[in-house]
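Novice: starting from these lines, generate the structure:
(2 chains)
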2 protein chains.
Amino acid sequence: MRVPPQELLGLAVVLLERHGVPQRHAQLQSDLLIEAELRGLPSHGLQRLPRLLSRIRQGLADPEAEGTMRWDRSFLSVDGQRGLGPVVMMAAIGEMSSAASRNGMAAGGIRNANHIGMLAYYAEAIAASGFIGIVLSTSEALVHPYGGTQAMLGTNPIAIGIPTEREPFVLDLATSLVSMGKIHSHALRGEAIPESWAVDAAGQPTTVAEAAKAGAIAPFGDAKGYGLGLAVELLVAALAGSAFAPEVRGTLDDTHAANKGDVVVMIDPSAGAGNGGALAAYLNRIRDSRPLDPARPVAVPGDGARARRAAAMAAGIELPDALYDDLKALEAA
Amino acid sequence: MRVPPQELLGLAVVLLERHGVPQRHAQLQSDLLIEAELRGLPSHGLQRLPRLLSRIRQGLADPEAEGTMRWDRSFLSVDGQRGLGPVVMMAAIGEMSSAASRNGMAAGGIRNANHIGMLAYYAEAIAASGFIGIVLSTSEALVHPYGGTQAMLGTNPIAIGIPTEREPFVLDLATSLVSMGKIHSHALRGEAIPESWAVDAAGQPTTVAEAAKAGAIAPFGDAKGYGLGLAVELLVAALAGSAFAPEVRGTLDDTHAANKGDVVVMIDPSAGAGNGGALAAYLNRIRDSRPLDPARPVAVPGDGARARRAAAMAAGIELPDALYDDLKALEAA
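Specialist: Below you'll find the predicted structure:
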């Protein structure tokens, strides 16, 4: 069914407030979930909300916490104190912004906070405030090494936001070939998956989505994507002091505290030699370059999300009936 | 033929010194080229030397320049003044090290310097000195956008060095699927290339290596690798003030000044919440995890390069006879 974004935003805010989430935190957490829906990333959208509410009820997510911060030179270490992911992250970014203005750059590591959801949200916010932003996060072990068969790495997304004189450049990618959510949705529909996507629990490549759920997803881009995912794993563990993937819990369940980590790097581009005025023009040259398929113009990362967002703002968010019913039932409870 | 590394290092130093390169600069430039040979990356090895010597003769590379530096807060802008790539880069890293110790982090952008070669060299040096290092560089347009057919991006490599309590983690990857060097060597041998590698000048996928030389290479990892390569292009242009790929010249020719750019980010891991003691153990768990092929254990980025280096240190560097003869002829000239 199609639902107006404002209705879903209001519904999410009400549900969170009923769980003791302060209005400002509820608004931010809900906005993050709705933005994921608007951009066509339902795996990071409202389907996360019932579990998050359960985590609050279990005491695994503290609706009021914003984290405690400690500066060591230009580096901010944040203990999220079980706060909501976006609440702790945006508080840290706010604190880092002043430092990045003062020092030209700043970085931060966050542990003990809940799932931060779609990373593009933060990279875009940082770029919108005039800074270059690099955002990294870790997760439960879901991805096997290149040439390996066991889930040893998180899906370890990387997001990069860069201000231009038009809309910011926003890149957001998981270092896994596909998301576990996509494998789950194939399993639900009984569809086969390409053999390159995953191995089963025994480590054999499989086309059976149900078998892949118990196995491990391939890294994107073979050895190179594996290397990047591993670099994210190490950078986040080293800087945030969080757990490695095989020990990570708490972003997919409602039984464990979240012990993954997040890292943010912010750089003031005006400190650089400066070429920012030419970025948007270069991106347009890319868009105007000759496509492989004449019917599909070359896109720049973020173009698709912006188009989907505009369409969903006008036509409403396409939500599975069952999820809408669940949320309405929670509201009525 | 196999040649002892020390002989090749001496030969390169002599050739550079004869071209007016100060001894310390000749040693550094030669060490970079020999390290690339040792690690099995001949495209960044001695085959680059004759062109570099020509660039010095043409005045496109200034053998004495180390670049002029200007700090803006924690950001170092470097005008390389046509200096040798590794000379300018190592001078910048030295300058940034003090700032990174003082401030917990530092970054820098370099323009107007020559080709910096194998990025792993710098990422490893930064990690060996105790810092996390991220090194980015741009190049001539060789790579087409995902869904595109024209060379709009450089091969835009990313290197990441992370200290561990054992040898540092060193990742170094081009964001192209393969190197143009690999396509050239297939063309030389008259071998076909996989259709996924490149398009020809008309933008059609091709298996003819000779045709691919006039076309464009695919990004690695489809849309995700394209996005990363594009992010590198933008970050370097914005921070170093260098040209975009379609206008870049001077890393493959001996007729133009080099106008690509390089970016370095350094972070003191001791500023973070700290988990460094566990990195090496985690990497060993990855290596010990179950491989897809029992005969090929899971590797960590850098393992292969280290093994190749050890073998070549013992057995000598395998060099094409023609290249060795060229270098000896230059020495005798």
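
Novice: C-alpha from now on. contacts and neighbour counts both.
Specialist: Fine.

Novice: can you show me the helices along chain A?
Specialist: With DSSP state H as the criterion, chain A has helices at A:5-18, A:23-38, A:49-58, A:85-103, A:120-128, A:180-189, A:209-213, A:222-240, A:279-288, A:303-315, A:321-332.

Novice: for the shortest one, what is the average pLDDT?
Specialist: It stands for helix A:209-213. Helix A:209-213 comes out with an average pLDDT of 95.

Novice: likewise for stretch A:44-64?
Specialist: Mean pLDDT, stretch A:44-64: 97.

Novice: so who does the residue of the stretch 51-200 of chain A found nearest chain B touch?
Specialist: Taking Cα to the nearest Cα, chain B has its nearest neighbour within the stretch 51-200 of chain A at residue A:148, 4.1 Å off. By Cα atoms under 8 Å, 6 or more residues apart in numbering or on different chains, the contact list for residue A:148 reads B:289-292, B:297-298.

Novice: distance of the nearest residue to it once chain neighbours are set aside relative to residue A:198?
Specialist: Counting by Cα to Cα, 6 or more residues apart in numbering or on different chains, residue B:291 is the residue found nearest to residue A:148 once chain neighbours are left out, at 4.1 Å. Residue B:291 sits 14 Å away from residue A:198, going by Cα to Cα, to the nearest Å.

Novice: of the two, who's got more company?
Specialist: residue A:198 (32 against 21; other Cα atoms under 10 Å in any protein chain shown).

Novice: picking up where we left off before, from the helices of chain A, which stretch is densest packed?
Specialist: helix A:222-240 (a mean of 26; mean count of other Cα atoms under 10 Å in any protein chain shown).

Novice: could you pull up the mean pLDDT of that one?
Specialist: In the prediction, helix A:222-240 has an average pLDDT of 97.

Novice: what angle separates that helix from helix B:222-240?
Specialist: Inter-element angle recorded for helix A:222-240 and helix B:222-240: 50 degrees (by axes from the mean of the first three to the mean of the last three Cα atoms, to 10 degrees).

Novice: helix A:222-240 - contacts with which helices or strands?
Specialist: strand A:105-111, strand A:132-137, strand A:261-267, strand B:158-162, strand B:169-173, helix B:279-288 (3 or more Cα pairs under 8 Å, 6 or more residues apart in numbering or on different chains; DSSP states H and E).

Novice: can you add mean pLDDT and distance to residue A:238 and give those back as a markdown table?
Specialist: Formatted as a markdown table, the helices and strands packed on helix A:222-240 follow (pLDDT from 0 to 100; distance: least, Cα to Cα, whole Å):
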| stretch | mean pLDDT | distance to residue A:238 |
| --- | --- | --- |
| strand A:105-111 | 97 | 9 |
| strand A:132-137 | 98 | 12 |
| strand A:261-267 | 98 | 10 |
| strand B:158-162 | 98 | 9 |
| strand B:169-173 | 98 | 12 |
| helix B:279-288 | 97 | 8 |
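
Novice: looking at these, which is closest to residue B:40?
Specialist: With respect to residue B:40, and counting by Cα to Cα, the nearest of the helices and strands packed on helix A:222-240 is strand B:169-173 at 13.0 Å.

Novice: does anything pack onto that closest one? Which helices or strands?
Specialist: Using 3+ Cα pairs under 8 Å, 6+ apart: strand B:169-173 touches helix A:222-240, helix B:120-128, strand B:158-162.

Novice: run through who's touching that strand.
Specialist: A:224, A:227-228, A:231, B:119-120, B:123-124, B:127, B:157-163, B:301-302.

Novice: kindly report the same for stretch A:89-99.
Specialist: Residues outside stretch A:89-99 that contact it (Cα under 8 Å, 6+ apart) are A:66, A:69, A:74, A:76, A:78, A:105-108, A:110, A:116, A:122, A:126, A:264, A:266.

Novice: who's in contact with the residue located most distally from the centre of chain A?
Specialist: Ranked by distance from the centre of chain A (Cα atoms, centre = their mean), the top residue is residue A:294, with 32.0 Å. Counting by Cα under 8 Å, 6+ apart, residue A:294 makes contact with nothing.

Novice: repeat that with 10 Å
Specialist: B:147-148 (Cα atoms under 10 Å, 6 or more residues apart in numbering or on different chains).

Novice: surely residue A:40 and residue A:302 touch.
Specialist: No: look at residue A:40 against residue A:302 with Cα atoms under 10 Å: they stay out of range, at 11.6 Å.

Novice: show me where chain A dips below the pLDDT cut-off.
Specialist: Within chain A, the stretches with pLDDT under 70 are A:274-277.

Novice: okay, now the domains of it?
Specialist: A:2-60+A:304-332, A:68-271 (automatic domain parsing).

Novice: for residue B:8, which of the ones you listed is the nearest?
Specialist: domain A:68-271 (30.4 Å).

Novice: the closest one: end-to-end distance?
Specialist: OK, domain A:68-271 end separation, Cα to Cα: 29 Å.

Novice: distance check, the residue lying closest to residue A:124 once chain neighbours are set aside against residue A:268.
Specialist: Closest residue in space to residue A:124, ignoring its immediate chain neighbours: residue A:161 at 5.5 Å, by Cα to Cα, 6+ apart. Separation of residue A:161 from residue A:268 (Cα to Cα) stands at 12 Å.
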